[in-house]
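In: One predicted model, sequence on top.
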Amino acid sequence: MCGIAGILSLKNDLTPSHLNRLEKSLQLQAHRGPDAKSIWANSKVALGHNRLSIIDLSSSANQPFYNEDLGLTIVFNGEIYNYLSLKKELKSLGYHFITTSDTEVLLAAFRHYGKTICEHLIGMFAFVIYDHQNQSVFAARDRFGEKPFFYIHTDEEFLFASELGALAELYTRALTINQSAVVDLMENMFINPHHSIYSEVSIFPPGSQMVLDGSDLNFSTYYSFPKQVTSSIGFTSLKKQVKSLLYDIVDQELHADVPVATFLSSGIDSSVISAIAKEIKPDILAVTMSTGDPSSDETADAKEFAKKLNIRQEVVHVDPGALSILAKLFKSIQPLADASVIPTHLVTEAVSKHTKVMLSGDAGDEVFGSYNKPNLYKSYGTNPILGGELGLNALLNLPQKKIGKYLSDKNRFKLGGWKGYYMKNNLSGCFKEVFKSGVPINYVSHVAEELISEYQGNPEKLSFGVDLLTRLPGDFLFKVDAAAMRSSLEVRAPFLDHRLVNLSLESDLNSLMPNQIDKEITKSIYQDFAGYPHRGSKKGFSIPYMTYLQHSWGDILEGFLKEPLSETYFNFNPVGLLKILNQHRQIPQQSLARVLFSALVLEIWLRVFHLKREVHFSFK
């Protein structure tokens, strides 16, 4: 796990000033790789790398990695989990290796497989390879967007980096805030990955690769997740396959030349991963977060599970109300209104003192349940009452305080099927109170509508596709990477092995959840380990921001809104937002809190990232 950055000149005119910019860029993302930093350059290409040493800790595996025999140089962020089997195969074909790193294997694999290389990789990655002979560049990103990859393409150059702050340092012109991304964040609490907070900045699409030959930029897709069911083998057989594959995946992802630990909450997914890891590596350490808040603390259930399986456990105590963490994180990244980024960073910061690698249960919900939406659709959404969008739009224009009463998940399915479900977002009923002008975007609903034709024959599984294209990469994976890498900690997600994802998505819903129980397969696997059914619901790394916004956080937001900055940069309507804040102070509502926290996030990001100001929080 590392940080990458680079400048590709389309006019072959790199100068020392370009290298100075790259050096500063690497300094800004040094937390991603504090073990080594280096630059390789010629007149066309400058590649930079921050290294977090995990496999082959020697300096011979530092990057940029140049192989003279192959005529290739690479910068690579991530892990190739099947590199040992690839290495064995490549050795049999005559390739020689001087390190034990996965980076060298990746480079040799590119020379052998060429543009089909990504089809042979199992892992999480973002990499750029320069071919000295052809003077061409090949770049790729992993299938689901675990590793970040931001870029700017102009007529003169192609700039890239692992973090937005590092990329901004490479760009010599002013960056323009993308108002569509502002609306997107306010609607969903994250920015969907088809665009970024800046109009000039693009996000490399997951499951894609790129060739830069001359000045032409050519993207292609090497992976698309399955959208059609091809298997109905039955629950018992599917569960057996899932469990067996999980053992293989966890075994691969435990491999490192540094200690590896697991996250352990009271949830199903992290518990299953920790249990399998314990069987493979008996001395594995499981880390549990404690907030001290009964509404979010998972310590008791996690301790019970760890004791039952005799898993070595460490409890890390964090302060979920540490708003200053957002100011710290937002100096490097684009804004994100997932409040769990605060405790995620705090727990990874504590864990990073003991290890560099953690296994998580991330994506278990997206891969095996989709938050029960498929079951709800099957029960209520197949014959919508309204059919069209006219009646739904009328309901969506109700004020926030009324909309929740009429538009529960179940009722939205009853009224409009998938279209009804995805029409609602955080700004439904209050857009004009938040913005002075403009129109709603609701990108997630557009993704759902575009996918409907691809899910003919199994429409109940459409939400799996929507999750994988929107919230998973835009929110959850981005959050974990940003929070953990700020602490120089790598997080691996076994549930995102594409073999496991394919197995789930190609199986019909009756095989996955025959009793219409959300995540029935992973719940059953949990019970195999625990000896008892999973009790209650996972609280996650949530924090009570709804309560905080009634008091100190609300006071901070009010102070920000009384300055003219966000009105100028985000088109905010301060009067309307203050009205929402006062409503929330009197009668707290989760729907209002989501809007207010998103606004607070943008206010903080604007100051610490875009305007490069220091922000100090004072609490009454």
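Out: Okay, I see it.
In: So for the protein, which residue is the most central one in space?
Out: Leu477 (1.5 Å; CA atoms, centre = their mean).
In: Ala339 reaches Thr547, doesn't it?
Out: No - using CB atoms under 8 Å, Ala339 is not in contact with Thr547, being 11.6 Å away. To be clear about C-beta, it is placed using only N, CA and C from the backbone, and glycine gets the same treatment.
In: Output the below-cut-off pLDDT ranges for the stretch 201-350 of the chain.
Out: 295-296 (pLDDT under 70).
In: Would you map the strands across it?
Out: 202-203, 208-213, 216-221, 260-263, 285-290, 312-317 (DSSP state E, counting those that start in this stretch).
In: Show me what the biggest helix by length in the chain is packed up against.
Out: Using DSSP state H, we find that the single longest helix of the chain is helix 235-253. Where contact means 3 or more CB pairs under 8 Å, 6 or more residues apart in numbering; DSSP states H and E, helix 235-253 is packed against helix 268-280, helix 498-505, helix 509-512, helix 520-530.
In: now it, how far from the chain's geometric center?
Out: Offset of helix 235-253 from its chain centre (CA atoms, centre = their mean, to the nearest Å): 23 Å.
In: And for the chain, the residue most distant from the center?
Out: In the chain, counting by CA atoms, centre = their mean, Gly94 sits farthest out from the average C-alpha position, at 38.0 Å.
In: most packed of the helices and strands packed on helix 235-253?
Out: Mean neighbours per residue, mean count of other CB atoms under 10 Å, is largest over these for helix 268-280, with a mean of 24.
In: Report all helices and strands that that one contacts.
Out: helix 235-253, strand 260-263, helix 299-309, strand 357-359, helix 364-368, helix 520-530.
In: got a list of what Gly234 touches?
Out: Residues in contact with Gly234, defined by CB atoms under 8 Å, 6 or more residues apart in numbering, are Ser511.
In: re the thing from before, which of the residues in the longest helix of the chain are classified as buried?
Out: By 16 or more other CB atoms under 10 Å, the buried positions in helix 235-253 come out as 235, 238-239, 241-243, 246, 249-253.
In: which one of these sits closest to Ala181?
Out: Glu253 (32.7 Å; CB to CB).
In: okay, now the nearest residue to the closest one once chain neighbours are set aside: neighbour count?
Out: Using CB to CB, 6 or more residues apart in numbering and skipping the chain neighbours, the partner closest in space to Glu253 is Arg492 (4.7 Å). When neighbours are defined as other CB atoms under 10 Å, Arg492 has 27 of them.
In: again with Glu349
Out: For Glu349, the neighbour count with other CB under 10 Å is 18.
In: Quick one: residues contacting it.
Out: Contacts of Glu349 by CB under 8 Å, 6+ apart are 486-487, 489.
In: what's the spacing between it and Tyr151?
Out: Going from Glu349 to Tyr151 by CB to CB, to the nearest Å gives 28 Å.
In: what does the model give Lys539 for pLDDT?
Out: Lys539 is assigned a predicted lDDT (pLDDT) of 60.
In: is it true that Asn425 touches Phe190?
Out: No - assessed by CB under 8 Å, Asn425 is found out of contact with Phe190, at 11.4 Å.
In: before we move on, the earlier item: pLDDT value on the residue nearest to Glu253, please?
Out: At Arg492, pLDDT is 97.
In: Could you give the bridge partners of it?
Out: Counting by DSSP bridges, Arg492 is bridged to Leu359.
In: And for Val287?
Out: Phe263, Glu314.
In: Extract the C-alpha trace of the longest helix of the chain and format it as PDB.
Out: Provided in PDB are the C-alpha atoms of helix 235-253 (Å, rounded to 0.1, in the frame of the first residue of the first chain):
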ATOM      1  CA  PHE A 235     -28.500 -22.500  -0.400                       C
ATOM      2  CA  THR A 236     -26.500 -25.300   1.100                       C
ATOM      3  CA  SER A 237     -24.300 -25.900  -1.900                       C
ATOM      4  CA  LEU A 238     -23.800 -22.100  -2.400                       C
ATOM      5  CA  LYS A 239     -22.900 -21.600   1.300                       C
ATOM      6  CA  LYS A 240     -20.300 -24.400   1.000                       C
ATOM      7  CA  GLN A 241     -18.700 -22.700  -2.000                       C
ATOM      8  CA  VAL A 242     -18.700 -19.300  -0.400                       C
ATOM      9  CA  LYS A 243     -17.100 -20.600   2.800                       C
ATOM     10  CA  SER A 244     -14.400 -22.600   1.000                       C
ATOM     11  CA  LEU A 245     -13.600 -19.600  -1.200                       C
ATOM     12  CA  LEU A 246     -13.400 -17.300   1.800                       C
ATOM     13  CA  TYR A 247     -10.800 -19.500   3.400                       C
ATOM     14  CA  ASP A 248      -8.700 -19.300   0.200                       C
ATOM     15  CA  ILE A 249      -9.100 -15.600   0.000                       C
ATOM     16  CA  VAL A 250      -8.300 -14.900   3.700                       C
ATOM     17  CA  ASP A 251      -5.300 -17.200   3.400                       C
ATOM     18  CA  GLN A 252      -4.000 -15.100   0.500                       C
ATOM     19  CA  GLU A 253      -4.700 -11.800   2.100                       C
END
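In: Pull the residues that contact it.
Out: Outside helix 235-253, the residues touching it (CB under 8 Å, 6+ apart) are 79, 81-82, 122, 231, 233, 272-273, 276-277, 279-280, 359, 368, 492, 494, 497, 499-500, 503-504, 507, 510-512, 514, 520-522, 524-525, 528.
In: Could you chop the chain up by domain?
Out: Per automatic domain parsing, the structural domains of the chain span 2-221, 235-368+467-530, 544-620.
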